[in-house]
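Visitor: Turn this into a structure:
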Amino acid sequence: MRLTIIHSCFWTLMLAVTPTGIATAQEKQKPGTTIDAWRQALPPETEAPRPAKEIPEVASLLPSSDETRKILLSLEQSLMESLKVRDADSLSQLISGDFTFASPRVIDVKDRTKYLEYALRDLKLTSYEFEKTTVRLFGRTAIVNGLLKQIAKVKGEDWGGNYLVTDVWISRDGTWRVVSRHESPLPKQK
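Guide: As a prediction, the model looks like this:
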């Protein structure tokens with residue numbers, strides 16, 4: 001008895017439900033109507049290829065790449081000059097609130113607050129020069145890396161030499177700020 005009820009319910013559902021909605025049992029019994037009804041239920045655009053929508057490029061919304069590269073190289077110089085003269089106001093404007101710092105020589109300095117303390121109290125940058133600097137743009141993110149030659153002391157210890165530096169800059173509300181810096185000293189040349 002149970003099997004008969006289940007069997008009957010199954011076939012009732014199979015006859016009543018189609019891709020286009022509910023159909024009568026008489027419509028289902030006509031040969032070929034199930035496939036035809038299914039095809040007719042498809043929207044016409046599924047049969048023909050759709051043209052690609054025109055999406056404005058992000059680059060058209062931003063300054064040109066060359067202009068942006070010049071701006072970022074200028075900001076790198078401003079950052080280094082602010083470190084050299086220990087200008088807290090300029091550093092605060094250039095360094096993002098979510099800034100991180102990584103260097104094998106400076107283990108305990110990781111966030112913005114500690115970096116500013118280190119830069120304003122411990123670092124005495126006498127001179128600096130960038131070489132082989134590259135700027136790579138990714139929308140509103142830029143990666144600037146290169147070779148930094150510096151004469152500097154940290155807490156009286158000589159930290160002069162060559163460093164590989166990578167800075168990550170983000171443009172938020174039209175203003176570029178550095179969000180990450182990584183410095184690695186190169187071995188002293190013999």
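
Visitor: Assumed residue 72 was part of a helix.
Guide: Yes. Residue 72 sits within a helix when classified using DSSP: H, G, I helix; E, B strand; the rest coil.

Visitor: Quickly note the distance from it to residue 142.
Guide: Per Cβ to Cβ, to the nearest Å, residue 72 is found 5 Å from residue 142. From N, CA and C alone the C-beta is placed, and that goes for glycine too.

Visitor: What strands line up against the strand of greatest length in the chain, and which way round?
Guide: Longest strand of the chain, by residue count under DSSP state E: strand 123-138. If you go by DSSP bridges, strand 123-138 pairs up with strand 141-154 (antiparallel).

Visitor: Now the strand it pairs with: buried residues?
Guide: 142, 144-146, 148, 150, 152 (16 or more other Cβ atoms under 10 Å).

Visitor: which is the next helix or strand following it?
Guide: Following strand 141-154 in sequence order, the next helix or strand is strand 157-158 (DSSP states H and E).

Visitor: Identify all contacting residues around the following helix or strand past that following strand.
Guide: Per DSSP H and E, the first helix or strand lying C-terminal to strand 157-158 is strand 161-172. Here strand 161-172 makes contact (Cβ atoms under 8 Å, 6 or more residues apart in numbering) with 62, 72, 75-76, 79, 96, 140-150, 176-186, 188-189.

Visitor: Sticking with residue 81, tell me its helix or strand.
Guide: Secondary structure assignment for residue 81, by DSSP H and E: helix 65-85.

Visitor: what comes up buried for that helix?
Guide: 68-69, 71-72, 75-76, 79-80, 82-84.

Visitor: Can you pull the residues that touch both of residue 72 and residue 142?
Guide: Taking Cβ under 8 Å, 6+ apart as the criterion, residue 72 and residue 142 both touch 135, 169, 176.

Visitor: Kindly state the beta-bridge partners for the first one.
Guide: Taking DSSP bridges as the rule, residue 135 bridges to residue 144.
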